[in-house]
Structures are given as structure tokens and as C-alpha cells.
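S.K.: Sequence plus the predicted model coming up.
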Amino acid sequence: MKSPDLPRVDFLLDGRPAQAVAGESILHAAQRHGVAIPHLCHSDGLRPDGNCRACVVEVEGERTLAPSCCRAVTPGLQVRTDSERARHSQRMVVELLLADLPEQGRKWTPAGQHGELSDWAARLGVAPRRALRRLEREQPAPDDSHPAMRVNLEACIQCTRCVRACREEQVNDVIGYAFRGAQSKIVFDLDDPMGHSSCVACGECVQACPTGALMPRTLVGDQRVDREVESVCPFCGVGCLLTYKVRGGRIVAVDGRDGPANHGRLCVKGRFGFDYVHHPHRLTKPLIRRPDVPKDVNVMRDPARWDEVFREASWEEALEAAAGGLRKLRDTHGPKALAGFGSAKGTNEEAYLFQKLVRTGFGSNNVDHCTRLCHASSVAALLEGVGSGAVSNQVSDVAHAELVLVIGSNPTSNHPVAATWMKNAARAGTRIVLADPRVTDLGRHAWRVLPFWPDTDVALVNAMIHTIIEEGLADQAFLAARTSHFDALRESVQAFAPERMAAVCGIPAETIREVARAFATAKSAMILWGMGVSQHVHGTDNVRCLIALCSVAGQIGKPGSGLHPLRGQNNVQGASDAGLIPMMLPNYQRVDNPQAHAWFERFWGTRLDDRPGYTVVEILHKALAPDDDPHKVRGMYIVGENPAMSDPDLNHAREALASLRHLVVQDIFLTETAWLADVVLPATAWPEKTGTVTNTDRMVQLGRQAIEPPGEAKPDLWLIQQIARRMGLQWHYLGEHAGVAAVYEEMRQAMHTAIAGITWARLQREGSVTYPCLSEDDPGQPIVFTDHFPTADGRLKLVPAQLVSANEQPDADYPLVLITGRVLEHWHTGSMTRRTDVLAALEPVATASLNGRELQRLGLTPGQKARIASRRGEVTCRVRQDDGTPDATVFMPFAYVEAAANLLTNPALDPFGKIPEFKYCAVRVAAA
């Protein structure tokens, strides 16, 4: 629907005065006035097409009937939706479509057998006449080739909704409309079976189809659901809103809904990655390690054989064992002996309460989560430069940008719905620049592709800054009014002329200059980046350069301009905001800031440690410290994290976890980390809880419980409180869902400068609110830094960066560079997605990608097994040809335990963000 604050247009609707919003279609205007017009090819969110002609209406003075879905209301228009002529045409269209279909439909609804078509037939009083059955075409055979969806073109009315959804909304260009006359039909690629096509299984076509010609396999033959529950996608940081469809206590399907981040769109994980919650590996009872089973680093165990390592326990025994072991270590060895890893996969409330437990119950700031492994360097640079670790504007703002620089990110795999906004913008004329060592799918939509050599981010970006300053394109007014230390930056980049840096980064000087000029002269330009920028020992320097690039061009603080680090997990932003990091209290207030420290001591009513704690990798180093080290970590409480898969140099990480005197793991599966635990607490999956998450766009969003947890599994929030009580804390969070509302409201007070206006009651009403939001009538601020920066002097601080090489370089023994990351179908360490039938079927085995030249040089063929080794470990997996991967480079996803890429990666840290160098280490590859 159009915005209600646009100008109004007066017209007559079925003889009565009516108003439309300027530019609004007759169909939408009629719907707002409670007048239903039949329609089949139209669907909100898709471009109006007018091809089915079921929505025709009569317009006074016009000879032909008008399709109401694509005819805009004009002043004085007289529309009849119910005239005999219009009704006769509507009925005829519906009747002819029914006559062309088999009597037995596929998509059952209360009104009939063919979905929306049968629904409109019932409302119009239309039934197919037997005489018209001779028009029925020869029915095509069902296509059962895809693991997620079934194709039944016998039910297709060729409305082309699926074509528009695939080609125009998701911009995947898989579905087409081919052939002519009676042979015309929907096709996938070159009329391939769906399962053999280039389909990425986003399911947008399924959601768009009105008749059941395309359906999720889980609903074929039984469309019934008991209830629908609105929630948020549990995977990446885009924060798509969705609806769970529940039958018999189980989720049977998922639809996208019209949320501010996705507007109904989903990706393959969001739509089809839901059945992990029903997997037989789910933990249903508390477990305690058997005394006769010592810890070892063997995490390649069968979860069905859990009793070889653990025994079942009552909740009282398990909770006392978990908390008692932690309490004893704290009381014996001091607060530094304990540490906690929280989760970016849980709620804001869980993150807030967990970090409060560590700080007030354990007694130190040794608390961290996976942001340390993804965007810690981004946050460090942003806090230093602009005073805030959050994004300046939202992903969808690319629609207002003239140029978008996407660097070190593969959004079509990692943030697929966000990628659709970029692809939509490119089709509308926005120039996309893809800067990445790997040429990924977004390159097909890019104006320029910059495949710079790995490890040379600073060289490329500083060369762009040099160009902008040297050629007089810098926004001097912005620099003078709103930045500091520009002279130091200008001096620093003098050595980075593109002609010199071309030999360093591999991009021709003229191309660097061309892109720099375009960025500086665009009316609006955005930078979006991912972990290809942040996961380096110079990750903070990389982001400092991006901040400087935005600043010298004045491209921040206005629509279509700004800085956006794409968050990896569903609640990385929220967990960081809530204080789940070792040097920051909630709302990014440093633990060693006297004022912030004193405020939280008063707020929580207890003494707090005023020294930053250890980060993820440092904590595991401290677990292996000698016994006489006063800061040796001896016990840990890990909630929803899997460091035995996600940390670098996994042999070292697993050894550290196994060395702990006491390890408590709270999770939904026996993860690789859980095998090393002393006590395992079965927790709730995302659809089994109510709480808030904050997406990459700074939207605080409410997820609602859809199903009950299995067996004796308990809510994470309840479990954290039980551990806290046994650690001596007197917490009293009462109410529904283990006090989630009470915890949220306390967190809101702790973060009053960000979310003061986002009350729990408001979230219940609105579902999604953007921060900063300082009062209940504040709509939220999608674009920030419009007139000042939240720094001490209100100015952006420019920080120069010089060339720093990766910690480890290729040599004769290890001649290739390994880059790690994600694939579209899997997420993080695979504990959820690899237990999802559809996702496991689509991408079942670990692979290493090399280009054709490297494969030939190594004597390998695609599909062959190869051995990949670094100085820290070795894995075996199949190789895949990907000509977007640069020479002398290998790409591996890290979700596969049988070929865990992090056995190879380098634990060297960025000195500022303390993030490991996941994106660069030396390896060799040989036939297995």
C-alpha cells in the first residue's frame, strides 16, 4: 500500500465517493474501501502485470474494460467493479482457467482445490461447465526433482507471478516463460527439471504461486495448519520477518512476511531450514559426563551414541553440578578462573542476562561471543572513528544510492535477501562496484569488478583516497566541519598513488582512479563490507580506510550514503549492544570508564571488575596457561556457541576446551564443543522462545514462540537464571516466558541512549522498531550521523593506516592462500543447517574451490578428493571448480566437521579488534 501522507485523489467507486492515494491502483484503492476485485496474476510486492484479466473493471466513458491492478486512479475517474459487463468478464476468465485444469487440484484451501483460483470461483459463483472440459490441455507430468519444492504445471494458469518473483524480485533469473500457443509453459533455465537448474531455492516462486503449481514439498497433499505464528528468521543478520505454519505441534512450512528488512522475501535457509528443531539429535534431558570417560579432542562422535560419554541426570542434579563446579573454581582460584561465551543466535535478553551473570556472578569481564570472530575489528574502528559500532544506514538504502561499493562480502550467499536489494538497485541504474579477491555472483550485476589480491585491502582503498584528494574531489566543506585529523590522513596517503599500488593490489591504476572518481562525484554512495575486510590482522586498518574513504567524499549522514558492515548472525548486533563483549558494558560503555563503571555498579547493586576481560581466542590461550598463572582460565560456561568448530587452529582450541577443569555447555544439540563438556544443559531452539533480536539495520524485532521444546529442554533465559541463583545472585525476573519482558525492560534502562523509546509493549504492537529511538513517539532513525557524530567532540576521527602484511605468507612448502567463509545453504558451524533435510540435500559434502587453472596445475579434476594442509592441520575434501576464485587461492566453507576449515586457519590476532586472521593463511593442496 502507498504511504498515507501522499496527496489524495477523489474518484467514484461503484457510484460512491472515494479517495485514492496519488499513483495508487484501482485494485488497491478498492481494497482499502472494502471492495474486493478478483485478481490472480497480481500479488502485493510484485510488479503489476495485468495478464490474467480477472481484475477488469468498467471505467465510465471508456470502450474497453480496464485491468484494475495496473491502472492508476486519476481525479474524477468513475469506476464500476460490479457492473454486469465487468462481472461477466471476471466470471468468464475464471471459468476458462478452471476448464483448463484437472479436476483434482494440488493446493487445497477451504474454498476449493486450486488455491486462489478456486477461492475466487466460489466467491463469483462459478463452476466449470462439463462442455468446456474439451479445452483441457494435455497435462504435464509432475517434476519431483527438487528436494524442497514440487512442480505441478498441470495446475499452472500462467499468471507469471513466479517469473516476476524470480527474475524481478529475487533477481535470480531462473524461471522463464517459453514456447508459444498451446505449448507455452513455465520453464526453469533451458526447460530443465527444477532440481537440475540453477535455482537457489529461495522459494519466492512458491510463495507467489496462486494455485499450487509450485509448492513446498512439506505441504503437498495436506495444506492444513493449526496456527500461524509471526517471528523472525534465526539465521543471518538481515532479520527477515517470517510466519511459522504449525500443525500437530510441528513446523510444517515457513512464509516470508512484510517486514521492514525483507518485505516478504526469504532465502533458502529462512524458508526451508526449519526442521532442525525436530531432528532426533535434539537434546531433551540434562547430561553429566561419566566419570570413567576422560576428555579428549575427538569431536567426531555419533550423537545417537551419547551414552558412551554421558549419563542422564535430573535437572536439580545437573544444575547443581554445573553451577557448583563453577562456584568452586571461583571461590578457590578467584574470578579470573572463569569465563563465559554467550551466543549471537539467542535473544537480546539472553545476551544481556548472560553478560550480567559473568560480571556480577563470576566476578570478571571474561565474556565474549562470536562477534570476536566476525566484525570485532569493524566495531573497533567504528567506535574509534565515528563513536558508534552500528551501521549508519540500512541495507535497503541502496535504492537511494548512485553507487554502492561492496567489499570483502559475498551477499548472495551470506545475506541473500540483502543481496536482492542490491540487485534491484543495479537494475534501476545504481552502479555496483564489487571489490573482492573472489568474483562472486554479485559480479554479474556490477558496474565494475575489482578482484584485488588477497591481503591488499589497505593498498586498494588508500589508493582511492589518494585519487580523491589529489584530483581535488574531496568534500572540503564536510571535512572542515565534521572531521578531525584530515592533515594526517592526507600526508599518509601520499605514498599510495594508484600507479604504485597497482603492483601491490593487482588492480590497474586507471580502474582505481575511475572508481574513486565515481565514488566521490556520486550524489550518494554507500559502502557495505563483510568479513573479507574484517578477518585479518589488519582488519581494523581496513575499516579505518573505508571510514576515511566515505569521509573524504562526504558520503555519510544522508540517504543512500554511509557505512554498513553486514552482520553475520541473526543477533550479532544485539548481543554486542547488550554488552556481550569483554571490554564493553551494555551500549558500548567501556568497563574501564569510571563514570560508566560507577553507573552500572549502582544499577546492578554490586562491585564490578574495572579491567577488560579476555577475548575468545585469548580465553582459550589462558585455558592452556600454566597452573601458576593467576589469570589461568579453569572453568567455562558456554551458551549456544561452538568454539570447537568456529575458532582458528582447532587442534589448539579443542585441546584448550578439553583441558578445562569444568565446562558447562548449554545448547540444542551435542555440538563438537558439547562433547568436551562436564555438564550439558538442553536448551530451546529459536522457534521455541519469545524474545527480541537486533538485525544489521539496527531494527529491534520481536520473535514469538511457535512450538514447545522437546522433552525436558528448558528456555535459555530460565537456565541462565538457575545458574545465577546457584552462584549466589538473588535475581527475581518474574512473569511469562521466564521473565523475558522484565529482562528486556531492565536492558532498556541500561541502553537508554539507544532504545529508551522501544518499550516491550510497543514491540508487542509493532514487532520491529529501529534505534536510536529515544521516546515512545519517536519512529526511530534509519539514517544516523546526519549532523554530528557521537564522539567526544562531535567530529569523525580520521585514522591513517599503512600497509601491514598477513601474519603468514605462502612459501615453497605452502604455496597457496586459503580463504574461508560460508556457502548459501549452510550457516556458521553447521550444527543447525546440516540437520535440515533440504539444506543437507542441496549442499551435502565439504568442498574446496579452486579455479580451473589451479586444478589443472595440481593435476586435479572437479569432484576429486584432495588433501589441504597448513602448518597447523590437514583436512580431506572434494574439490570444486570455481573460476571466480583467484589464482594461487583456495576457498573453503567452515561448516563441515569432517573437513573443518578451521583446523587450518591462523590464530594470529588483529591488535585492536583481537579478531583472528581467518581470511588468510598458507596451505598446500594435493590429490588425496
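M.R.: The structure has been received and is ready for your questions. Numbering: from 1, shown residues only.
S.K.: any idea how far Ser775 is from Lys336?
M.R.: Per Cβ to Cβ, to the nearest Å, Ser775 is found 41 Å from Lys336. Quick note: C-beta positions are derived from backbone N, CA and C, even for glycine.
S.K.: Among those two, which residue is more densely surrounded?
M.R.: Each of Ser775 and Lys336 has its neighbours counted (other Cβ atoms under 10 Å); Lys336 has more, 23 against 8.
S.K.: What is the burial count for the residue lying closest to the more buried one once chain neighbours are set aside?
M.R.: With sequence-adjacent residues excluded and distances taken as Cβ to Cβ, 6 or more residues apart in numbering, Lys336 is closest to His631, at 4.6 Å. Using other Cβ under 10 Å, His631 has 16 other residues around it.
S.K.: Where do the helices of the stretch 51-200 of the chain begin and end?
M.R.: Secondary structure of the stretch 51-200 of the chain (DSSP state H, counting those that start in this stretch): helices located at 84-99, 115-124, 161-164.
S.K.: could you check the angle helix 115-124 makes with the longest one?
M.R.: Think helix 84-99. Calculated by axes from the mean of the first three to the mean of the last three Cα atoms, to 10 degrees, helix 84-99 forms an angle of 140 degrees with helix 115-124.
S.K.: one step back: residue contacts, the residue nearest to Lys336?
M.R.: 336, 614, 622, 625 (Cβ atoms under 8 Å, 6 or more residues apart in numbering).
S.K.: and of the residues you listed, the nearest to Val799?
M.R.: Of all those, Val799 sits closest to Tyr614, with 25.0 Å by Cβ to Cβ.
S.K.: Hmm, Arg372 is touching Asp910, no?
M.R.: No: using Cβ atoms under 8 Å, Arg372 is not in contact with Asp910; the gap is 10.2 Å.
S.K.: who's more crowded, the two?
M.R.: Between Arg372 and Asp910, counted using other Cβ under 10 Å, Arg372 has the larger neighbour count: 27 against 24.
S.K.: Find the residue closest to the more buried one in space, skipping its chain neighbours.
M.R.: Of all residues not flanking Arg372 in the chain, Val616 sits nearest, at 4.2 Å (Cβ to Cβ, 6+ apart).
S.K.: ditto for Ser231
M.R.: Nearest non-adjacent residue to Ser231, counting by Cβ to Cβ, 6+ apart: Gly703, 4.3 Å away.
S.K.: what about the one you found, how many residues close to it?
M.R.: Neighbour tally, Gly703, other Cβ under 10 Å: 26.
S.K.: Next: His88.
M.R.: For His88, the neighbour count with other Cβ under 10 Å is 11.
S.K.: circling back: OK, contacts around the residue nearest to Arg372?
M.R.: For Val616, counting by Cβ under 8 Å, 6+ apart, the contacting residues are 341, 368-370, 372-373, 643, 647, 914.
S.K.: Any figure for the gap between it and Ala741?
M.R.: With Cβ to Cβ as the criterion, Val616 and Ala741 are 31 Å apart.
S.K.: just to revisit the earlier point, and which of the contacts of His631 is nearest to Val391?
M.R.: For the contacts of His631, the nearest to Val391 is Tyr614 (27.4 Å; Cβ to Cβ).
S.K.: That closest one against Lys622, yeah?
M.R.: Yes: the pair Tyr614 / Lys622 is scored as a contact, 5.8 Å apart, by Cβ under 8 Å.
S.K.: quick one: common contacting residues for those two?
M.R.: Jointly contacting Tyr614 and Lys622 under the rule Cβ under 8 Å, 6+ apart are 339, 631, 633.
S.K.: Inside helices: which ones of those residues?
M.R.: Counting by DSSP state H, no part of the shared contacts of Tyr614 and Lys622 is found in helices.
S.K.: Let's have these in TSV, adding pLDDT and distance to Pro800.
M.R.: Formatted as TSV, the shared contacts of Tyr614 and Lys622 follow (pLDDT from 0 to 100; distance: Cβ to Cβ, whole Å):
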residue	pLDDT	distance to Pro800
Ala339	98	35
His631	95	34
Val633	98	36
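S.K.: could those residues go into CSV alongside distance to Arg867?
M.R.: As requested, these are exported to CSV (distance: Cβ to Cβ, whole Å):
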residue, distance to Arg867
Ala339, 35
His631, 39
Val633, 34
